[in-house]
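# One predicted model, sequence on top.
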There are 2 protein chains.
Amino acid sequence: MSVVADEPDVKSLDAFKSFLMSKGLRVTQPRLAILKAAFVLPEHYTAEELLAQACQIDDSVSRATLYRTLPLLIECGTVREIDVGKECKYYKCCDTIKPFQAQVVCSDCDKIFEIDAPFMEWYGKTVSERLGLEVGSQRLQVTARCPKSEAGECIKTTCDN
Amino acid sequence: MSVVADEPDVKSLDAFKSFLMSKGLRVTQPRLAILKAAFVLPEHYTAEELLAQACQIDDSVSRATLYRTLPLLIECGTVREIDVGKECKYYKCCDTIKPFQAQVVCSDCDKIFEIDAPFMEWYGKTVSERLGLEVGSQRLQVTARCPKSEAGECIKTTCDN
DNA sequence: CTCGATGCAAAATTTTTGCAGTCCC
DNA sequence: GGGACTGCAAAAATTTTGCATCGAG
């Protein structure tokens, strides 16, 4: 039924387990169910959609755990948070998140494109050096209009997820 | 009492009025009160703080109107939306928003720095040309740690607001 | 005048939290 | 076995909406 593989690849699963253990956190069934759900879903979704999917994998997963786990997935780099003012917050799951990509959101059709933005790496270094700040994550979010309105269909996303 | 001028400069006020009229919307007292409140407040604040300030200017301003006006201020370019996962959403008011700046948020002290990021202009053009998307707004949000933790105080913000 | 805009308060959404019981290590 | 984790449900926090009234043009 789902378009995406029903299982996260071993690499992602191990990455999450390692992350948890390295922080002294426990590898639990609900946490794994949420991770798996993130891989079953299409690339962008809301917290609520992720919960629904997680419940399908392990119907005991609660909303509370979902919200308690989401920050972990984000910190671990498995899931990315996006907020473009549209509807709700979206989360994107990539087998391996490419750190220097921008999210370009079509304001007409709400489609989200992942576009390389390699200069962000350089920018991070510059900020770091010039201001003495240790740079963590970077998010570049762009709103744009795609030709759909007139042409009828959006350009295919470049996200390889 | 406030650190910032109590009145928006004429340019910003006119810009907002023009914006409203150009869209066939009315220039009302509540809308102006909210605009003024945005100028009284320090550079970053929540919707709730903005409401409180607007009420001090015109105590009849309601939460509903605040939330109905905020999108207008954002579209008009007077206010900018920031979401770094910290607490709530922040809005920034600049007399003239510099479009190509990044928001760098210290994950220790939550201070927000506005840093020039001129390459965003070039990036927008590139996206536009290569993908056939008409680029609208761009937001670059960076998390970082500033030396406060050890040094006791954060670097002064570079925002000239 | 007329119709958009407003205030109020209720509702809808989204996220957080306290606590008793559960299960990983 | 102990303490971290969970589910539940209640609560908190944030945003939206319906409707009668108000006021800008």
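Cool, the structure landed.
# Quick check, pLDDT for A:Asp9.
Here, the pLDDT recorded for A:Asp9 equals 69.
# make that A:Ile115, sorry
87.
# give me the number of residues near it?
Neighbour count of A:Ile115, defined by other CB atoms under 10 Å in any protein chain shown: 20. Every C-beta, even on glycine, is put in place using the N, C-alpha and C of the backbone.
# Each with direction, which strands does the one helix or strand it maps to pair with?
Using DSSP states H and E, A:Ile115 sits in strand A:112-116. Strand A:112-116 pairs in its sheet with strand A:101-106 (antiparallel), by DSSP bridges.
# What mean pLDDT does the partner strand get?
85.
# Show me where chain A dips below the pLDDT cut-off.
A:1-9, A:85-88, A:94-97, A:110, A:147-161 (pLDDT under 70).
# element containing the closest residue to DNA strand C within it, please.
Going by CB to the nearest atom of the strand, DNA strand C is nearest to A:Ala64 of chain A, at 3.1 Å. Here A:Ala64 sits within helix A:63-76, counting by DSSP H and E.
# Give me the contact list for the helix or strand where A:Gly124 lies.
Under the criterion of DSSP H and E, A:Gly124 resides in helix A:119-131. By CB atoms under 8 Å, 6 or more residues apart in numbering or on different chains, the residues outside helix A:119-131 that reach it are A:99-100, A:102, A:133-135, A:138, A:140, B:102, B:104, B:113, B:115, B:117, B:119, B:123, B:140, B:142, B:144, B:146, B:155.
# Enumerate the residues of chain A near chain B.
A:81, A:83, A:85, A:102, A:104, A:106-107, A:113, A:115, A:117, A:119-120, A:123-124, A:127-128, A:131-147, A:155 (CB under 8 Å from any CB of the partner chain).
# and those, which are buried?
A:81, A:83, A:102, A:104, A:106-107, A:113, A:115, A:117, A:119-120, A:123-124, A:127, A:131, A:133-135, A:137-147 (16 or more other CB atoms under 10 Å in any protein chain shown).
# thinking again about what came up before, do you know how far the residue of chain A closest to DNA strand C is from DNA strand D?
3 Å (CB to the nearest atom of the strand, to the nearest Å).
# What number of residues are in the vicinity of that residue?
Count around A:Ala64 with other CB under 10 Å applied: 9.
# what does the one 4 residues further on give?
When neighbours are defined as other CB under 10 Å, A:Arg68 has 13 of them.
# Closest to the mean position in chain A, which residue would that be?
Nearest to the mean C-alpha position of chain A, by CA atoms, centre = their mean, lies A:Lys92 at 2.3 Å.
# any idea how far the closest residue to that one other than its chain neighbours is from DNA strand D?
In space, and not counting its chain neighbours, A:Lys92 is closest to A:Arg80: 4.5 Å by CB to CB, 6 or more residues apart in numbering or on different chains. Taking CB to the nearest atom of the strand as the measure, A:Arg80 falls 20 Å from DNA strand D.
# Which positions in chain A make contact with DNA strand D?
Within chain A, the positions adjacent to DNA strand D are A:25-26, A:28, A:30-31, A:58, A:60-65, A:68-69 by CB under 7 Å from any atom of the strand.
# Looking at those residues, spot the one nearest B:Leu35.
The closest of those to B:Leu35 turns out to be A:Arg63 (CB to CB; 38.2 Å).
# Spatially nearest residue to that closest one (excluding sequence neighbours)?
A:Leu51 (5.8 Å).
# part of a helix, is that neighbour?
Yes: counting by DSSP: H, G, I helix; E, B strand; the rest coil, A:Leu51 falls inside a helix.
# check contacts around the closest residue to DNA strand D within chain A.
Across chain A, no residue is closer to DNA strand D than A:Thr65, which sits at 2.9 Å (CB to the nearest atom of the strand). Listed by CB under 8 Å, 6+ apart, the contact partners of A:Thr65 are A:Pro30, A:Arg31, A:Ile34.
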